[in-house]
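Novice: Fold the stuff below for me.
(4 chains)
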2 protein chains.
Amino acid sequence: MTGYDPRSYPPVAVTVDLVLLTIHGKQLSVLLVRRATAPFEGRWALPGGFVRPDENLPQAARRELAEETGLSDPGGHLEQLASYGEPDRDPRMRVVTVAYLALVPSPPAPVAGSDAAAARWAPAEDTLAHPEELAFDHGGILRDGVERARAKLEYTPLAAAFCPAEFTIAELRRVYETVWGVPLDPRNFHRKATSTPGFVTPTGATTTGERGRPAQLYKRGAATALNPALMRTRSPRR
Amino acid sequence: MTGYDPRSYPPVAVTVDLVLLTIHGKQLSVLLVRRATAPFEGRWALPGGFVRPDENLPQAARRELAEETGLSDPGGHLEQLASYGEPDRDPRMRVVTVAYLALVPSPPAPVAGSDAAAARWAPAEDTLAHPEELAFDHGGILRDGVERARAKLEYTPLAAAFCPAEFTIAELRRVYETVWGVPLDPRNFHRKATSTPGFVTPTGATTTGERGRPAQLYKRGAATALNPALMRTRSPRR
DNA sequence: GCAAAAGTGTTCTTCGTACACCCATGG
DNA sequence: CCATGGGTGTACGAAGAACACTTTTGC
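Specialist: The predicted structure follows:
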């Protein structure tokens, strides 16, 4: 590295891009914005923007999240995903992007993109099937984000990030079924969720006005990791 | 993001830093280099350097790894860890670093730092106990790297990255014991390692000249994930 | 009462743990 | 033959899968 002064390099920019996931109806959905300017004008892309000189990476990600959801704190979960830095990933200049993964409760707010031409919740499955339709390398970033989300549901209490502050065990189960795309046994899931320490804590309240027996309401527990983990792989009895 | 042109920003540099781990004797060790120039001159730091205009991030990481180990392909494993971008993490200018985690077989080569004043393998435990002694925010990066390595041993066949091309089950077990810092039952570990599909594949050869019964030699299997996972948490019989 | 959803109990099987035991080599 | 480490067999208990069954609501 001696002899390499970055100030003699062509300029580099650092951006933050967001894989913002929620559960919309029965589908895992990702927020896409339509690009208003070149390059990739008119194409759909992940929301994102340049990191400002005075902010760190999580701050930039939270700022983007707030801008896109229109809420100062949309709840849910935000974590760094990975960084992407192919030299030609942006035709304008060298841009290294730090992708963040955000999971938020169902439609956090009507999305009023202040700086994007338009924004929409797109079914993740459809978008993953045609990743090349997204601008830049966002198809690959989205794939990594969805994969990370699927994996982390197994061994962290992250599924609750998709739920409102209070939720039923059945709602939590539907998160798993939607994200993983597999049916789960409601009875075994109930036992598992309520018996895993720190996963959920009962609020005492119950649902009402729904069909069937009212359900206990729960809020997120204090645990940051699930032990034992939930199983994603179905191991059918022989 | 409208109205924010990164070309009007103060310049940003992107570096790649390496958490390079190996097993040295009975200890998990990390490669540290002594800084030859300001800032933090004379202090120990993770190896790293600026990403060049024509290379992508993995290429930069592999270049650093080759430079530090003195081998064009030291074997083992290399993966992106995370990115760090506090505005003041480098007093010279805004530097965003993309950290990579590398796991290589025991002393891959005498380290001849071409551009660092000196390099050494430091016990990870000691270094983690005094993270503030490292330059920049490298103490935190090291902590994240060791944590990642410990976690990934559970559900990936990554432990084999610490072993030479051919190894015995006992060598593999010692990797786990060293990285996790817990003793494992040799007999149960043997069964588990050999029965987990894709973890290790026998070469047919055996060790010789050692004390005790010769051991079968194995090489890395094709699996990228372990199913079922190995257990790190000891669940003692009640 | 009936449908629907919540929640409990029970059985079967799998798998981790502990540990007794046998095997193959060096000295 | 004995010490040392490699490798197998087996009993016990914990936990997951499957599913019968009870509870509590809306209609």
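Novice: Could you measure from A:Val95 over to B:Arg7?
Specialist: According to Cβ to Cβ, to the nearest Å, A:Val95 and B:Arg7 sit 11 Å apart. Using the backbone N, CA and C atoms, a C-beta is placed for each residue, glycine as well.
Novice: list the residues that contact both of those two?
Specialist: Common neighbours of A:Val95 and B:Arg7 (criterion: Cβ atoms under 8 Å, 6 or more residues apart in numbering or on different chains): A:Ala13.
Novice: So for those two, which residue has more residues nearby?
Specialist: Between A:Val95 and B:Arg7, counted using other Cβ atoms under 10 Å in any protein chain shown, the more crowded position is A:Val95 (22 against 9).
Novice: What pLDDT does the model give that one?
Specialist: For A:Val95, the model assigns a pLDDT of 97.
Novice: Without its sequence neighbours, what residue ends up closest to it?
Specialist: A:Ala13 (4.8 Å; Cβ to Cβ, 6 or more residues apart in numbering or on different chains).
Novice: since we're on the closest residue to DNA strand D within chain A, how many residues are nearby?
Specialist: For chain A and DNA strand D, the shortest gap (Cβ to the nearest atom of the strand) falls at A:Arg213, measuring 3.1 Å. The number of residues packed near A:Arg213 is 7, by other Cβ under 10 Å.
Novice: where does it land in three-state SS?
Specialist: Here A:Arg213 is coil, with the state taken from DSSP: H, G, I helix; E, B strand; the rest coil.
Novice: just checking, what packs against the lengthiest strand in chain A?
Specialist: For chain A, the strand that runs over the most residues, judged by DSSP state E, is strand A:12-24. With contacts defined as 3 or more Cβ pairs under 8 Å, 6 or more residues apart in numbering or on different chains; DSSP states H and E, the packing partners of strand A:12-24 are strand A:27-34, strand A:48-50, helix A:57-69, strand A:94-103, strand A:118-123, helix A:138-155, helix A:169-180, strand B:12-24.
Novice: now with 7 Å?
Specialist: strand A:27-34, strand A:48-50, helix A:57-69, strand A:94-103, helix A:138-155, strand B:12-24 (3 or more Cβ pairs under 7 Å, 6 or more residues apart in numbering or on different chains; DSSP states H and E).
Novice: so where's chain A shaky on pLDDT?
Specialist: A:1-4, A:108-117, A:233-238 (pLDDT under 70).
Novice: Show me which residues of it sit near chain B.
Specialist: A:1-2, A:4, A:6-7, A:9-14, A:49-51, A:53-54, A:56-57, A:80, A:82-83, A:85-87, A:94, A:96, A:98, A:115, A:227, A:233 (Cβ under 7 Å from any Cβ of the partner chain).
Novice: hmm, back to that, as a markdown table, the helices and strands packed on strand A:12-24 with distance to DNA strand C would be great.
Specialist: Converted to a markdown table, these look like this (distance: least, Cβ to the nearest atom of the strand, whole Å):
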| stretch | distance to DNA strand C |
| --- | --- |
| strand A:27-34 | 19 |
| strand A:48-50 | 37 |
| helix A:57-69 | 27 |
| strand A:94-103 | 21 |
| helix A:138-155 | 15 |
| strand B:12-24 | 22 |
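Novice: Which of those sits closest to A:Ala222?
Specialist: Among the helices and strands packed on strand A:12-24, the nearest to A:Ala222 by Cβ to Cβ is helix A:138-155 (15.9 Å).
Novice: Let me see the contact set for A:Pro6.
Specialist: A:Pro6 makes contact with B:13, B:50, according to Cβ atoms under 7 Å, 6 or more residues apart in numbering or on different chains.
Novice: Ramachandran angles for it?
Specialist: Note on A:Pro6: backbone dihedrals following degrees, to the nearest 10 are phi -60, psi -20.
Novice: my read: A:Val179 touches A:Lys152, true?
Specialist: No: using Cβ atoms under 7 Å, A:Val179 makes no contact with A:Lys152, being 9.8 Å away.
Novice: More neighbours: which of the two?
Specialist: It is A:Val179, of A:Val179 and A:Lys152, that has more neighbours when counted by other Cβ under 10 Å, with 23 against 20.
Novice: quick one: contacts for that one?
Specialist: Here A:Val179 is in contact with A:28, A:149-150, A:153 (criterion: Cβ under 7 Å, 6+ apart).
Novice: can you rerun that using 8 Å?
Specialist: A:23, A:28, A:149-150, A:153, A:159, A:162.
Novice: Can you tell me which of these are buried?
Specialist: A:23, A:28, A:149, A:153, A:159, A:162 (16 or more other Cβ atoms under 10 Å in any protein chain shown).
Novice: any idea which of these is closest to chain B?
Specialist: Chain B lies nearest to A:Leu153 out of the buried ones among the contacts of A:Val179, by Cβ to the nearest Cβ, at 14.1 Å.
Novice: mind pulling up the phi and psi values for A:Ala135?
Specialist: Taking degrees, to the nearest 10 as the convention, A:Ala135 sits at phi -70, psi 160.
Novice: ok, it - how many residues close by?
Specialist: There are 19 residues near A:Ala135, going by other Cβ under 10 Å.
Novice: any idea how far B:Leu217 is from it?
Specialist: Counting by Cβ to Cβ, the gap from A:Ala135 to B:Leu217 is 50 Å.
Novice: How about A:Ala102?
Specialist: From A:Ala102 to B:Leu217 the distance is 47 Å (Cβ to Cβ).
Novice: Looking at those two, which one has more neighbours?
Specialist: Just comparing A:Ala102 and B:Leu217: by other Cβ under 10 Å the higher neighbour count belongs to A:Ala102, 27 against 19.
Novice: Report the beta-bridge partners for the more buried one.
Specialist: Under DSSP bridges, the beta-bridge partners of A:Ala102 are A:Leu20, A:Leu78.
Novice: and it, what does it touch?
Specialist: A:18-21, A:61, A:65, A:76-78.
Novice: Nearest residue to A:Ala61 in space, ignoring adjacent ones along the chain?
Specialist: A:Ala61's closest residue in space is A:Tyr100 (Cβ to Cβ, 6+ apart), at 4.0 Å.
Novice: and the contacts of A:Ala102, which are buried?
Specialist: So, by 16+ other Cβ under 10 Å, the buried ones in those are A:18-21, A:61, A:65, A:76-78.
Novice: hmm, which two among those residues are most spread apart?
Specialist: A:Leu21 and A:Ala61 (13.9 Å).
Novice: List, one by one, the residues from chain A near DNA strand C.
Specialist: A:168-170, A:186-188, A:190-191, A:194, A:206, A:210-216, A:235, A:237-238 (Cβ under 7 Å from any atom of the strand).
Novice: can you list the domain ranges for chain A.
Specialist: A:6-153, A:165-220 (automatic domain parsing).
Novice: and the ones you listed, which is most packed in?
Specialist: Comparing the domains of chain A by mean neighbour count (mean count of other Cβ atoms under 10 Å in any protein chain shown), domain A:6-153 ranks first with a mean of 18.
Novice: residue contacts, A:Pro157?
Specialist: A:198-200, A:220-221, A:223-226 are the contacts of A:Pro157 under Cβ under 8 Å, 6+ apart.
Novice: Just send those back as a markdown table, with secondary structure and distance to A:Ala119 too.
Specialist: Compiled in a markdown table, the contacts of A:Pro157 are given as follows (DSSP: H, G, I helix; E, B strand; the rest coil; distance: Cβ to Cβ, whole Å):
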| residue | secondary structure | distance to A:Ala119 |
| --- | --- | --- |
| A:Gly198 | coil | 35 |
| A:Phe199 | coil | 33 |
| A:Val200 | strand | 32 |
| A:Arg220 | strand | 27 |
| A:Gly221 | coil | 33 |
| A:Ala223 | coil | 33 |
| A:Thr224 | coil | 31 |
| A:Ala225 | coil | 33 |
| A:Leu226 | coil | 33 |
